[in-house]
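In: below are the sequence and a predicted model for it; my questions follow.
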Amino acid sequence: MSNVCFIGGGNMATSLIGGLIAQGHAPESISVSDPNESQREQLIKQYGVNAFADCGPAMENADIVVLAVKPQVMKDVALMITTALKGFAKQPLFVSIAAGINLFSLQSWLGEKQAIVRCMPNTPSLIQLGASGLFANEQTSIVQKNLAETVLKAAGIVQWVQSEAEIDAVTAVSGSGPAYYFLFMEAMIDAGVELGLSRETASELTMQTAIGAAHMAKQSDVDVAELRRRVTSPGGTTEQAINTFESAHLRDIVKAALAAANRRSGELAQLLGEEEPSS
Ligand SMILES: NC(=O)C1=CN([C@@H]2O[C@H](COP(=O)(O)OP(=O)(O)OC[C@H]3O[C@@H](n4cnc5c(N)ncnc54)[C@H](OP(=O)(O)O)[C@@H]3O)[C@@H](O)[C@H]2O)C=CC1
Ligand SMILES: O=C(O)[C@@H]1CCC=N1
């Protein structure tokens with residue numbers, strides 16, 4: 001079993017650790033570094049993993065180091081890691097899950113020779129229903145790619161993408177995606193309450209409908225547009241609701257929202273990363 005280290009033990013690391021443990025990964029082979037004591041205590045209590053304040057002891061014997069800190073602190077953290085790595089015989093594979101921080105910056109901080117995978121997971125990893133996009137630098141071997149894939153697959157599905165730019169698109173679709181569905185569910189629950197349902201009933205119906213629709217879409221041999229048409233009886237109730245969404249340009253709103261998320265990844269790269277020399 002490979003040794004997995006997380007630098008940063010917040011929301012996303014907790015989701016991935018939860019997925020790994022649920023898939024039978026031994027807690028003793030998982031280590032975390034986080035300066036926040038209560039966060040460390042929570043992870044030890046909940047999952048029995050090893051937790052440290054500093055990155056050095058957490059990374060000892062790690063085969064894979066997942067960089068799970070906020071993009072804003074990634075440079076400082078990466079430079080600290082580089083110093084700690086100097087005493088290590090074995091160099092681990094790095095997997096960065098930070099939005100926007102590109103391979104050029106990560107290599108500048110961690111070293112040009114390091115094997116690095118950029119990954120964009122999402123929080124449903126906690127219940128093994130995550131969706132991750134992966135892209136590796138040229139220094140990453142097939143064995144290391146398989147290792148990254150195995151760790152992320154414990155948390156859900158994995159898609160390798162063809163170019164690094166696609167990771168920003170993955171961020172806009174599935175990285176941030178759970179929040180879009182939660183927003184839609186919030187709105188449906190509130191609307192159900194306005195129509196006279198209790199909040200509990202509106203919540204139960206909304207969540208079960210989301211689960212049912214997602215399962216159907218995944219299992220069906222027809223596309224989602226056809227599934228939508230099958231709910232929409234001519235002259236019926238759904239048609240009224242769909243017409244309301246279409247006349248408010250819901251598709252344009254979704255397109256603009258995902259474009260804004262995608263654009264933000266580029267801005268974070270510029271704000272927080274190293275400037276690439278123009279060729
Ligand atoms: N949340 C999400 O849905 C997703 C997030 N991501 C990416 O994952 C990364 C983490 O996000 P998220 O988990 O939400 O953030 P959190 O703030 O929940 O977690 C980050 C953790 O890192 C800790 N930290 C700060 N400095 C250090 C350090 N020097 N060494 C070790 N740990 C440190 C923070 O402690 P403290 O709070 O005390 O600062 C915090 O506990 C981000 O880069 C984000 O872009 C990717 C996909 C989805
Ligand atoms: O909002 C963010 O920046 C992170 C990345 C994807 C989901 N959460």
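Out: Okay, I see it. Values in this document were obtained by computation on a predicted structure and should not be read as measured data. Ligands and ions are numbered 1, 2, ... in the order given.
In: which bits of this protein sit near ligand 1?
Out: Applying C-beta under 6 Å from any ligand atom, we find that the chain lies next to ligand 1 at 7-13, 33-36, 39, 55, 68-71, 73, 77, 97-99, 120-123, 175. Using the backbone N, CA and C atoms, a C-beta is placed for each residue, glycine as well.
In: tell me the SS of Phe94?
Out: Put simply, Phe94 is strand when judged by DSSP: H, G, I helix; E, B strand; the rest coil.
In: next one: the one 5 residues further on
Out: When classified by three-state DSSP, Ala99 comes out as coil.
In: now it: how far from Met207?
Out: 27 Å (C-beta to C-beta, to the nearest Å).
In: try Glu60
Out: Taken as C-beta to C-beta, the span from Glu60 to Met207 is 43 Å.
In: now, which of the residues of the chain next to ligand 1 lie within strands?
Out: Ile7, Ser33, Met120 (DSSP state E).
In: among these, find me the one that's closest to Ile167.
Out: Met120 (5.5 Å; C-beta to C-beta).
In: residues near the closest one, how many?
Out: Counted with other C-beta atoms under 10 Å, the neighbours of Met120 add up to 27.
In: Leu43 versus that one, what's the distance?
Out: The value you get for Met120 to Leu43, if C-beta to C-beta is used, is 22 Å.
In: and the buried ones among the residues of the chain next to ligand 1, selectable in PyMOL?
Out: This is the PyMOL syntax for the buried subset of these, where burial follows 16 or more other C-beta atoms under 10 Å:
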select buried, resi 7+8+9+10+12+13+33+34+39+55+68+69+71+77+97+98+99+120+121+122+123+175
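In: same for ligand 2: which of the residues of the chain next to ligand 1 are within range?
Out: By C-beta under 6 Å from any ligand atom, the members of the residues of the chain next to ligand 1 lying near ligand 2 are Ala99, Gly175.
In: residue contacts, Phe94?
Out: Neighbour list for Phe94: Ile64, Val65, Leu67, Leu106, Leu110, Gln114, Ala115, Ile116, Val117 [criterion: C-beta atoms under 8 Å, 6 or more residues apart in numbering].
In: now do Met1
Out: Taking C-beta under 8 Å, 6+ apart as the test, what Met1 contacts is His25, Ala26, Ser29.
In: for the residues you listed, pick the one with the most neighbours.
Out: His25 (20 neighbours).
In: where does the stretch 51-200 of the chain come near ligand 2, residue by residue?
Out: Ala99, Thr171, Gly175, Ser176.
In: by pLDDT, give me the weakest of those residues.
Out: Least confident entry in these, by pLDDT: Ala99, with 95.
In: can you pull the phi/psi pair for the closest residue to ligand 2 within the stretch 1-150 of the chain?
Out: As assessed by C-beta to the nearest ligand atom, ligand 2 sits closest to Ala99 within the stretch 1-150 of the chain, at 3.8 Å. As for Ala99, its main-chain torsions (degrees, to the nearest 10) stand at phi -60, psi 130.
In: can you tell me, leaving aside adjacent residues, what's nearest to it?
Out: Among residues not flanking Ala99 along the chain, Thr171 sits closest, at 5.2 Å (C-beta to C-beta, 6 or more residues apart in numbering).
In: for that neighbour, give its distance to Lys70.
Out: 14 Å.
In: just checking, what packs against the helix or strand of the chain with the lowest mean pLDDT?
Out: Lowest on mean pLDDT, DSSP states H and E among the helices and strands of the chain sits helix 11-22, with a mean of 93. Where contact means 3 or more C-beta pairs under 8 Å, 6 or more residues apart in numbering; DSSP states H and E, helix 11-22 is packed against strand 4-7, strand 30-33, helix 37-47, strand 130-136, helix 142-153.
In: in TSV: the ones you listed, plus mean pLDDT.
Out: Shown next, in TSV, are those (pLDDT from 0 to 100):
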stretch	mean pLDDT
strand 4-7	98
strand 30-33	98
helix 37-47	97
strand 130-136	98
helix 142-153	96
